[in-house]
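*Asks:* Next input, structure requested:
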Amino acid sequence: MSDTEPAIPTSQADLDVMLSQKRAKSFFTILMLCLVICVVFFCSLFVGYANITPQELVQIWMGDGNWQNTYIINKIRMPRVACAAVVGAGLAVAGMAMQALFKNPLASPSVLGISSGAAFGANLCIAFGVGAFFGSFSISIMAFICCFVTLLVVFAIATTRHGTPTILLLLAGVAVGSFFGGMTSVLQFFVDDADVLQSMVYWAMGGFSKCDWLDFKVSLLIVGIGVLMIMLESKELNLITLGDEQAKALGVNIPRMRAIVLIADALIVGGCVSISGTIGFVGLIIPHVFRTLVGPDHKYLSVICVLAGAIFLMLMDVVARSFSTIDVPIGVLTSLLGAPFFVYIMRKKKNEIW
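*Replies:* Prediction:
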């Protein structure tokens, strides 16, 4: 939020004008993000070790490209960029929902330890085959189960009879996230297979280098369901930001709404972590930036977070592939951006937080 207080409407006409301006600004932002996401998706296909020109890309899409370039674009770069878009969109919406639910600008899946819990579930499946009977969905389902358990534990620890204080929420998230991070290290310690250990390290650092079209389809289904659940609760999210008592007076079933949002967040984070590993701070940065720009109406903000989150991680993936021979883990890049941003928000909101 800006340091300058917004003008307070003095009449219904002033309020209608203000709301109309907010809607127009939101629609313009959505339109611009739609254009940007198309440009970023197209340009990101040229970045990588193999040099492919725009003309060659058009030939590939027309079916006239050589087999090597066709394989690189269709089997490596396009599914990778598509997975980055799905994960970015999902994490941004999950962070938006958590910030609204807890009325806390610092809430996000990574800060509250949920991503660490989901990564532990995925690594448990990778290392010892736990949940292998789920078939091709085993990693996703184990990530979802551990993600949901982590979310419940953090919420239970932080909740008191007076509500959910911010400081307890953050401390509980740090503690539970550290616990599951330690448990993941324990799993790595007991793994003897070098290939399995390498896969587990990949999950811990986050990235899309191993993503294919099956990963995209699975994540799109799981993350898409979670995002849709949150979008359908956008009106309730708007009301709960006014406070629990006001929301209850306006007819919001708070326990039901919280359960839906928490389950949706678990679906989203589990689906994202199952293909990309742990990628932090997307759910912190994107919702906060665009809530400041377009306002807190979640009907529009959720759509904006989908587009902006997708663009953000696609750009991070481009940066990761920009080095000549090294594919830098995206989780490292987002942490380098997100940690200073977290400190900035904490310092800016310190009077509200503490």
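
*Asks:* The top helix by length along the chain - contacts with which helices or strands?
*Replies:* In the chain, assigned by DSSP state H, the helix with the most residues is helix 12-44. Helices and strands touching helix 12-44, by 3 or more Cβ pairs under 8 Å, 6 or more residues apart in numbering; DSSP states H and E, are helix 78-102, helix 282-294, helix 298-321. C-beta here means a position set from N, CA and C on the backbone, and glycine is covered the same way.

*Asks:* Quick check: which ranges of the chain have low pLDDT?
*Replies:* 1-19, 164, 166, 324-325, 349-354 (pLDDT under 70).

*Asks:* In it, which residue is most central in space?
*Replies:* The centroid of the chain falls nearest to residue 91 when counting by Cα atoms, centre = their mean (0.9 Å).

*Asks:* what residues are up against that one?
*Replies:* Counting by Cβ atoms under 8 Å, 6 or more residues apart in numbering, residue 91 makes contact with 109, 268, 269, 272, 279, 282, 283, 286, 309, 313.

*Asks:* One more: residue 180?
*Replies:* By Cβ under 8 Å, 6+ apart, the residues touching residue 180 are 113, 116, 117, 119, 120, 146, 150.

*Asks:* can you do 6 Å?
*Replies:* 116, 117, 120 (Cβ atoms under 6 Å, 6 or more residues apart in numbering).

*Asks:* Now name the helix or strand holding it.
*Replies:* Assessed by DSSP states H and E, residue 180 sits inside helix 166-190.

*Asks:* now the helix or strand following that helix: how far from the chain's centre is it?
*Replies:* Using DSSP H and E, the helix or strand that follows helix 166-190 in sequence is helix 194-205. Centroid displacement of helix 194-205 relative to its chain, using Cα atoms, centre = their mean, to the nearest Å, is 21 Å.

*Asks:* Which strands or helices does helix 194-205 pack on?
*Replies:* For helix 194-205, the packing partners by 3 or more Cβ pairs under 6 Å, 6 or more residues apart in numbering; DSSP states H and E come out as helix 114-128.

*Asks:* If you compare the directions of the helix it packs on and helix 166-190, what angle comes out?
*Replies:* Orientation check (axes from the mean of the first three to the mean of the last three Cα atoms, to 10 degrees): helix 114-128 against helix 166-190 gives 20 degrees.

*Asks:* what secondary structure does residue 149 sit in?
*Replies:* When classified by DSSP: H, G, I helix; E, B strand; the rest coil, residue 149 comes out as helix.

*Asks:* now it: how far from residue 187?
*Replies:* Residue 149 sits 16 Å away from residue 187, taking Cβ to Cβ, to the nearest Å as the criterion.

*Asks:* Ok, residue 43 next?
*Replies:* Between residue 43 and residue 187 the computed distance is 38 Å (Cβ to Cβ).

*Asks:* what do you get for residue 78?
*Replies:* Counting by Cβ to Cβ, the separation of residue 78 from residue 187 is 32 Å.

*Asks:* same check, this time on residue 177
*Replies:* Look at residue 177 and residue 187: by Cβ to Cβ, they are 16 Å apart.

*Asks:* Kindly report the same for residue 262.
*Replies:* Going from residue 262 to residue 187 by Cβ to Cβ gives 26 Å.

*Asks:* so how far is residue 239 from residue 47?
*Replies:* Computed with Cβ to Cβ, the distance linking residue 47 and residue 239 is 43 Å.

*Asks:* Look at the two and report which has more neighbours.
*Replies:* Neighbours per residue, other Cβ atoms under 10 Å: of residue 47 and residue 239, the larger number sits with residue 239, 21 against 16.

*Asks:* Is that one in a helix, a strand, or coil?
*Replies:* Recorded secondary structure, residue 239: helix (three-state DSSP).

*Asks:* do the same with the one 3 residues further on
*Replies:* Using three-state DSSP, the structure places residue 242 in coil.

*Asks:* and of the contacts of residue 91, the nearest to residue 157?
*Replies:* Nearest to residue 157 among the contacts of residue 91 is residue 109, at 16.4 Å by Cβ to Cβ.

*Asks:* ok now do that closest one, which residues does it touch?
*Replies:* 94, 115, 269, 283.

*Asks:* Find the nearest non-adjacent residue to the last one, please.
*Replies:* If I follow you right, that is residue 283. residue 95 (2.2 Å; Cβ to Cβ, 6 or more residues apart in numbering).

*Asks:* And the one you found, how far from residue 223?
*Replies:* Distance from residue 95 to residue 223, by Cβ to Cβ: 13 Å.

*Asks:* likewise residue 82?
*Replies:* From residue 82 to residue 223 the distance is 12 Å (Cβ to Cβ).

*Asks:* Could you do residue 81 as well?
*Replies:* 16 Å.

*Asks:* Comparing the two, which shows the higher neighbour count?
*Replies:* Using other Cβ under 10 Å as the criterion, residue 81 and residue 223 rank with residue 223 on top: 28 against 25.

*Asks:* Identify the residues contacting the more buried one.
*Replies:* Applying Cβ under 6 Å, 6+ apart to residue 223 gives the contacts 86, 90, 268, 271.
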